[in-house]
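> pasting the sequence and the predicted model now:
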Amino acid sequence: MSHPRNDASDNNNDTGGDDAFLERELDLAARGIELVKMEGRVFLRFSGEVRYEGLRVPYALVPARGVLAKPSKWRKMDLIARRALIEERTGDKALAELQLDAEEFVRDIAEQADDAGFDPRVFLGVLDELETSEPAEYVFERIRQRVEHAIEREQEERHAARTKESINLAEYPESFEVASRMQRKFIALLGPTNSGKTHRAMEALAKAKSGAYLAPLRLLALENYERLQAARPHGEPIKVSLITGEERRVVEGSTHVASTVEMLDSKTPIEVAVIDEIQMLADRDRGAAWTAAVCGAPASTVYLVGAPEARRAIEALAERLEVPLEVHVLKRMAPLAMEPGPVRKLSNLRRGDAVIAFSRRDVLMWRDMITEKGLSVATVYGNLSPEVRRAQAERFREGQADIVVGTDALAMGLNMPIARIVMTTAVKYNGVEEEEISAALAKQIAGRAGRYGVHEEGFVAGYDDDTHEVMRALMKEKIPPVPATGFAVAPSLEQLHRISSVTGETSLVKLLRRFVHNIDVPDGFFYPRITEDQNERAEWLDTLDLTVAEKFMLSLVPISSRVPMLQSAWEHWALALAKKKVSKLTPHPEGLFWKNLQEVEDTCRMYSAYAWLGYRAPEYFPSIEEAQQLAREASERVDSLLQQQNAATRKRQGGHASKPKRRA
């Protein structure tokens, strides 16, 4: 094989002729050695051959000390100096060292390739074809990387194929054994807010011998738990339990349960199940819980309650599950209308108004501004616990508060006698940027106005001109239907263990990635989803000495990673579990009185998250009762602080403004 010889452009002062003379005189060719000028270097290349288990691998490589000089320096060297350098670098020892290195390399690559089922000649065949001045060790390293990448690619393809074989989402409904064997019937009660749909479903649930109410929020689970407790459909009280991620009120012999949708019991057959806010099937982060509830609720009759735009999705699911479906579309019982113009001034607010802002900071700011006008205010926002939200709503319901100021947390649950919704803005932060709210959210918030039996008509207004016009447009806009395919399915621990068993992987990040990218999705009707939060948590959890089950549990803890104190608590629990240490709650010796409102709210959320963990790993998080008691105390403290702040603001302003009348 011929290799590049001395480049004529570098041959000043006849260095090419001198080099040719040296090659002949030192008999380099006969020893398999070439003197080469290339890539701005003058170097030696040794040729040889390795034989290994039937393989014959020729090579042409630059030894470790094979680079002699740059061309400019080489030209300045006289013939004697060049000869001495070549003789020094081409001794028998240099040839033997390269031969040994090549033999070891060929053996390693051949064994690796053989183990992976590759032909080693694919990788080793280039050893006598490389046009490079790089020493052999760099060439070997590059080929090793090629082999490793090829093995990784082949392993990736093998693991992907095995994952696809292990989980087929077309069979997802069959994973709910009890429901899939039952003769079920779906009844869809669809309508806007204040159409009485939930009331009808809950009446049917109360009359049933056994049943479950599945809520989107702890607050709604709590409300309907108490609603069932108060019902006397057959003259006797209903035995009902409350089960949420953070709380269990289990009654012995209970026939009914009110729970959050994620806490679905898919094993115990019941007569009636009510799945509330069914349009949440389309929710980016939590939609999978509604998919699971529809597929897995083990009830003879399943009520699907929610917005009309969910109809097509419900029909598609019923057809796929081969469950008969009955659809009832309900209308609002109290009409809803836009006010002729915006509110514009605080003095134009009236009793029975609900003022909507989209952040905790703005809610508290509006509360203070309204309170300064002499009005009493109830406050509702997402960071508040269900207990505080309910206490604040109760104050408004009982007339102790003139106005309620809240976020869109008001849009779901919390039945309140709101006469008018006043939007301070139609723009909300979506986690990335500020954007105009959707027509669906605008209508859900607006629908809270005009409680049937309290207000004959509900009204909606913007506080300023722009917001008023945006709301007017959104109220007229048609809401797009919930997609009738691509229903979200979240990974279960059983599925991750199945993927782990066929691939040998224990990294949660890799298992989640395989679930999303490699499981079989024959027609896309069901589609794998994980949340961004879970994926981010998984990366950190993979650095700890935890089982797949422990990592999966910790990735789902309902706690905000954006609040430093809560993120710190979560990391502390994860680190303790990795060391198999028991995490007991140690309340601050001074209690909650040294904390400000935000800190008490966050402390309440931390206790709730601990209780969530406690129910799933009680041996490591045993202080469940303490967590719930401390969460209750924190909730009471939050409610007390909100009332104190209201009273303080009114006192500062004299608190003597005459109360406006509540609109009939």
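Here it is on my side, so go on. Numbering: from 1, shown residues only.
> avg pLDDT for the helix or strand where Ser501 lies?
Here Ser501 sits within helix 493-503, counting by DSSP states H and E. Mean pLDDT, taken over the full extent of helix 493-503, equals 93.
> what comes up buried for it?
By neighbour count on 16 or more other Cβ atoms under 10 Å, the buried set for helix 493-503 is 495-496, 498-500, 502-503. For every residue, glycine as well, the C-beta is placed using N, CA and C.
> which strands and helices sit next to that helix?
With contacts defined as 3 or more Cβ pairs under 8 Å, 6 or more residues apart in numbering; DSSP states H and E, helix 493-503 has these neighbours: helix 136-166, helix 508-518, helix 548-555.
> could you check how far that helix is from the centre of its chain?
19 Å (Cα atoms, centre = their mean, to the nearest Å).
> residues contacting that helix, please?
The set of residues external to helix 493-503 that reach it, using Cβ atoms under 8 Å, 6 or more residues apart in numbering, is 159, 162-163, 165-167, 505-506, 508, 510-512, 514-515, 518-519, 548-549, 552.
> quick check, Asp639 in contact with Arg390.
No - between Asp639 and Arg390 no contact is recorded; they are 9.6 Å apart, counting by Cβ atoms under 8 Å.
> residues near the closest residue to Ala538 other than its chain neighbours, how many?
Spatially, and ignoring its direct neighbours in sequence, Ala538 is nearest to Leu508 (4.0 Å; Cβ to Cβ, 6 or more residues apart in numbering). One way to gauge burial is a neighbour count; for Leu508, by other Cβ atoms under 10 Å, it gives 26.
> again with Ala490
Tallying neighbours of Ala490 according to other Cβ under 10 Å, which is how burial is gauged here, yields 20.
> ditto for Phe176
Burial of Phe176, expressed as a neighbour count using other Cβ under 10 Å, amounts to 21.
> which residues does the closest residue to it other than its chain neighbours contact?
The spatially closest residue to Phe176, leaving aside those adjacent along the chain, is Gly296, at 3.5 Å (Cβ to Cβ, 6+ apart). Taking Cβ under 8 Å, 6+ apart as the contact definition, Gly296 lies against 173, 175-176, 178-179, 264, 266.
> now Gly296. Its backbone dihedrals?
For Gly296, the backbone dihedrals are phi -110, psi -10 (criterion: degrees, to the nearest 10).
> any idea of the pLDDT on it?
The confidence metric pLDDT takes the value 97 at Gly296.
> what about the helices in the stretch 451-600 of the chain?
With DSSP state H, counting those that start in this stretch applied, the stretch 451-600 of the chain shows helices at 465-476, 493-503, 508-518, 532-541, 548-555, 564-578, 597-616, listed in chain order.
> need the ones you listed in CSV (columns: distance to Met365).
As requested, the helices of the stretch 451-600 of the chain are exported to CSV (distance: least, Cβ to Cβ, whole Å):
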stretch, distance to Met365
helix 465-476, 16
helix 493-503, 44
helix 508-518, 40
helix 532-541, 28
helix 548-555, 35
helix 564-578, 23
helix 597-616, 13
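> what subset of the contacts of helix 493-503 is buried?
159, 162-163, 166-167, 505, 508, 510-512, 514-515, 518-519, 548, 552.
> hang on, Leu597 packs against Ala634?
No - judged on Cβ under 8 Å, Leu597 makes no contact with Ala634 at a distance of 11.0 Å.
> which one's more surrounded, these two?
Using other Cβ under 10 Å, the more surrounded residue of Leu597 and Ala634 is Ala634, with 27 against 17.
> in space, what's closest to Asp101 - neighbours in sequence excluded?
Using Cβ to Cβ, 6+ apart, the closest residue to Asp101 is Ala136 (6.2 Å).
> by contact count, what packs against the longest strand along the chain?
Here the longest strand in the chain is taken by residue count, with DSSP state E as the criterion, and it is strand 41-52. Contact analysis of strand 41-52 by 3+ Cβ pairs under 8 Å, 6+ apart lists strand 33-38, strand 55-61, strand 67-69, helix 71-76, helix 92-116 as its packing neighbours.
> how about the ones you listed in a markdown table, adding mean neighbour count, distance to Trp570 and mean pLDDT?
As requested, these are exported to a markdown table (neighbours: other Cβ atoms under 10 Å; distance: least, Cβ to Cβ, whole Å; pLDDT from 0 to 100):
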| stretch | mean neighbour count | distance to Trp570 | mean pLDDT |
| --- | --- | --- | --- |
| strand 33-38 | 21 | 58 | 92 |
| strand 55-61 | 18 | 54 | 94 |
| strand 67-69 | 18 | 55 | 93 |
| helix 71-76 | 14 | 62 | 92 |
| helix 92-116 | 16 | 40 | 93 |
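> let me have these in JSON lines, adding distance to Ala20 as columns.
Output for the helices and strands packed on strand 41-52, formatted as JSON lines (distance: least, Cβ to Cβ, whole Å):
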{"stretch": "strand 33-38", "distance to Ala20": "9"}
{"stretch": "strand 55-61", "distance to Ala20": "19"}
{"stretch": "strand 67-69", "distance to Ala20": "15"}
{"stretch": "helix 71-76", "distance to Ala20": "14"}
{"stretch": "helix 92-116", "distance to Ala20": "22"}
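> between these, which gets nearest to Leu441?
helix 92-116 (53.5 Å; Cβ to Cβ).
> quick one: contacts of the closest one?
Contacts made with helix 92-116 from outside it, assessed by Cβ under 8 Å, 6+ apart, are listed as 31-32, 46, 48, 50, 52-53, 55, 57, 59, 61, 63-65, 119-120, 122-124, 127, 136-137, 140, 143-144, 147, 150-151, 154.
> now those residues: which count as buried?
Buried members of the contacts of helix 92-116, scored by 16+ other Cβ under 10 Å, are 46, 48, 50, 57, 59, 61, 63, 120, 123-124, 127, 136, 140, 143, 147, 150-151.
> flag the shaky bits of the stretch 501-650 of the chain, pLDDT-wise.
Counting by pLDDT under 70, the stretch 501-650 of the chain contains low-confidence ranges at 588-594, 650.
> ok, the residue most central in space within the chain - contacts?
Averaging the C-alpha coordinates of the chain gives a centre point, and the residue nearest to it by Cα atoms, centre = their mean is Thr531 (1.7 Å). Each residue near Thr531 by Cβ under 8 Å, 6+ apart is listed here: Asp285.
> any idea how far it is from Leu474?
27 Å (Cβ to Cβ, to the nearest Å).
> go on, Ala96?
Using Cβ to Cβ, Ala96 is found at 83 Å from Leu474.
> check Met182 too.
Going from Met182 to Leu474 by Cβ to Cβ gives 41 Å.
> more crowded one of those two?
Neighbours were tallied for Met182 and for Leu474 using other Cβ under 10 Å; the higher tally belongs to Leu474 (22 against 17).
> excluding chain neighbours, what is closest to that one?
By the measure of Cβ to Cβ, 6+ apart, the closest residue to Leu474 outside its immediate chain neighbours is Ala442, 3.9 Å from it.
> quickly find the element holding the one you found.
helix 439-446.
> equivalent analysis for Ala288, please.
Following DSSP H and E, the helix or strand that holds Ala288 is helix 287-296.
> that helix: how far from the chain's middle?
Taking Cα atoms, centre = their mean, one finds helix 287-296 lying 17 Å from the centre of the chain it belongs to.
> of all the helices and strands packed on helix 493-503, which one comes closest to Asp464?
helix 548-555 (42.5 Å).
> who are the packing partners of the closest one?
On a contact count with 3+ Cβ pairs under 8 Å, 6+ apart, helix 548-555 meets helix 493-503, helix 508-518, helix 532-541, helix 564-578.
> quick check: Ala102 vs Ala96, distance?
Computed as Cβ to Cβ, the Ala102 to Ala96 distance reads 11 Å.
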